[in-house]
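Undergrad: Make a model of this:
(one chain, ligands or ions: 1)
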Amino acid sequence: MYLSCSRPIVLRRCQPIWSCLKVHVRFNSSARNRWIDRQKNDFYTKEAKVRDLRSRAAFKLMEIDDKYHLFSKNSSQRVLDLGFAPGAWSQVAFDRTRPNGMVLGVDILPCAPPRGVSSIQANILSKRTHELVRLFFSKHFQLYKHDDLHQDHGYFRSVLEDKLQTLKQTDEYREIFSDDFNVKTNMLEEHPIDVVISDMYECWPQTSGFWNNLTNFAYDRMANTTGIADKDHFMSIDLCDAALVIAIDLLKVGGCFTCKLYTGKEDRLLESRLGKVFNKVHRFKPSASRNESRELYFVALGKKKTLTSFRFSLELKDIDETIVIRE
Ligand SMILES: C[S@@+](CC[C@H](N)C(=O)[O-])C[C@H]1O[C@@H](n2cnc3c(N)ncnc32)[C@H](O)[C@@H]1O
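TA: Residues are numbered from 1 along each chain as shown. This is a model prediction of the structure:
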């Protein structure tokens with residue numbers, strides 16, 4: 001399949017030239033104090049504490065949903081939350097799709113998901129991650145909803161990895177990972193993803209789990225806000241493209257998508273890519289998003305049915321390699 005674009009889209013890998021330059025941005029103590037003061041006096045930060053939400057980001061998704069109605073209750077929606085940690089968006093998604101919704105969070109950093117949410121610690125720029133997500137939402141992976149472990153902690157990557165191993169030699173595996181559109185559609189028929197949400201970018205303030213191997217490399221690999229406008233812009237475009245790739249692959253027809261972007265030169269290119277996949281694309285700046293921040297959300301509604309006519313080729317390699325979407 002090919003996504004028709006005027007030029008190849010190359011997702012720059014998350015260990016760009018900037019990381020070799022070893023630019024260290026240090027904040028002086030007055031800037032740090034200003035940041036702490038701002039956090040202390042921030043309405044949304046206080047409100048998040050009162051409502052037991054994991055971060056103020058929750059209010060951004062609430063605003064998006066209030067305006068564009070991504071979620072619905074009682075319709076067994078399946079939601080994929082990319083860059084879910086610390087988990088405020090997952091809390092909102094879980095709450096707004098209860099009681100039958102199913103939420104999977106993916107994050108490169110380790111984080112215990114909120115109650116009722118499943119999670120994988122993985123890099124979205126890795127092919128393996130796409131496989132695990134596809135497996136999670138396939139009809140061959142059964143969630144035991146009434147099992148206490150799931151209720152309290154969700155399912156973790158190891159469960160999916162084990163399942164993947166046992167499936168490897170079977171026809172089911174070939175069905176899940178087939179490139180044949182009809183086979184793939186059949187595989188997802190019973191369990192398509194209804195909503196993909198992505199708030200991926202700067203790391204969450206991690207307090208534990210540093211022993212984890214993946215984490216030791218994660219800070220090098222992941223995007224992290226630097227204050228260098230161009231870098232933040234291009235890296236966030238890469239993460240949005242990676243989220244879009246998953247949406248093209250696994251989101252149901254009519255499904256919705258939202259992603260965070262740090263604005264810059266390539267906004268319009270991303271917007272036009274989204275326009276090829278969705279019927280409507282909106283730009284939205286929630287009031288919970290700080291005025292001085294360049295962050296913006298694209299909200300894309302109604303995945304098109306005619307996507308098969310798109311020519312879309314995707315080469316996802318493993319962890320340290322580049323994702324390339326070719327014309
Ligand atoms: C702003 S936080 C998300 C906050 C979250 N939406 C919430 O409501 O709690 C961005 C997250 O994106 C994750 N992230 C960044 N790059 C990633 C990547 N390549 N793969 C997976 N997650 C990534 C970071 O680890 C971080 O936890």
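
Undergrad: and the top helix by length along the chain, what's its mean pLDDT?
TA: Taking residue count as the measure and DSSP state H as the definition, the longest helix of the chain comes out as helix 229-250. Along helix 229-250, the predicted confidence averages to a pLDDT of 86.

Undergrad: Can I get it in CSV? Just the C-alpha atoms.
TA: Only the C-alpha atoms of helix 229-250 are listed here, as CSV (Å, rounded to 0.1, in the frame of the first residue of the first chain):
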residue,chain,number,x,y,z
ALA,A,229,11.6,25.3,18.6
ASP,A,230,12.7,23.6,15.4
LYS,A,231,13.8,20.4,17.1
ASP,A,232,10.7,20.2,19.2
HIS,A,233,8.6,20.7,16.1
PHE,A,234,10.3,18.1,13.9
MET,A,235,10.4,15.5,16.6
SER,A,236,6.8,16.0,17.5
ILE,A,237,5.9,15.6,13.8
ASP,A,238,7.7,12.3,13.8
LEU,A,239,5.8,11.1,16.8
CYS,A,240,2.5,12.3,15.2
ASP,A,241,3.4,10.4,12.0
ALA,A,242,4.1,7.2,14.0
ALA,A,243,0.7,7.6,15.6
LEU,A,244,-0.9,8.1,12.2
VAL,A,245,0.8,5.0,10.9
ILE,A,246,-0.9,3.0,13.7
ALA,A,247,-4.2,4.7,13.0
ILE,A,248,-4.0,3.9,9.3
ASP,A,249,-3.3,0.3,10.2
LEU,A,250,-5.6,-0.4,13.0
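
Undergrad: Name the residue of the stretch 1-150 of the chain that lies nearest to the ligand.
TA: Distances between the stretch 1-150 of the chain and the ligand by Cβ to the nearest ligand atom are smallest at Gly83, namely 2.6 Å. Just so you know, the C-beta spots here come from the backbone N, C-alpha and C atoms, and that holds for glycine as well.

Undergrad: could I have stretch 72-85 exported to CSV, CA atoms only?
TA: The C-alpha atoms that make up stretch 72-85 are tabulated as CSV, following Å, rounded to 0.1, in the frame of the first residue of the first chain:
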residue,chain,number,x,y,z
SER,A,72,-19.0,7.3,24.1
LYS,A,73,-20.2,5.3,27.0
ASN,A,74,-21.8,1.9,26.8
SER,A,75,-20.4,1.2,23.3
SER,A,76,-17.4,-1.0,24.2
GLN,A,77,-15.0,1.5,22.7
ARG,A,78,-11.4,0.5,22.3
VAL,A,79,-8.9,3.2,22.9
LEU,A,80,-5.2,3.4,22.2
ASP,A,81,-3.3,6.0,24.3
LEU,A,82,0.1,6.7,22.9
GLY,A,83,2.6,8.2,25.4
PHE,A,84,0.2,7.5,28.2
ALA,A,85,2.4,8.1,31.3
